[in-house]
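Return atomic coordinates for the entry below.
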Amino acid sequence: MPYINVKLYPGRTDEQKREAAQRIVQAVMETCNVADPAAFAVVFEELTPEQYQATAVPEFEAKRALRYDLAQ
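Numbering: from 1, shown residues only. Okay, the predicted model is just below:
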């Protein structure tokens, strides 16, 4: 089942995170043919800039081959 972990700096409200989660789930449902939104786990992990550098950057560097970057 889809597990989506969103790492970001603090400052978003629960309402903003809920809206983002709904949009993410909808997009994945449509593009990957997943019929049940209850099958998803969407996690928002708030990290300070220091935590981001220490944990997220090494993680996504290690998974570079698995990433789909949209910024070109």
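
pLDDT below threshold where in this protein?
For the chain, the stretches flagged by pLDDT under 70 are 72.

all strands of it, in order?
3-8, 41-46 (DSSP state E).

Would you tell me which of those strands gets closest to Asp69?
Within these, the stretch nearest Asp69 is strand 3-8; the backing value is 14.8 Å (C-beta to C-beta). Yep, even glycine has a C-beta here, placed from its N, CA and C like the rest.

residues making contact with that closest one?
20, 24-25, 28, 40-47, 52, 56 (C-beta atoms under 8 Å, 6 or more residues apart in numbering).

Drop anything exposed from the residues you listed.
Val25, Val28, Phe40, Val42, Phe44 (16 or more other C-beta atoms under 10 Å).

just to revisit the earlier point, what would the strands of the chain look like in TSV with distance to Ala62?
Listed next are those as TSV, based on distance: least, C-beta to C-beta, whole Å:
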stretch	distance to Ala62
strand 3-8	14
strand 41-46	16
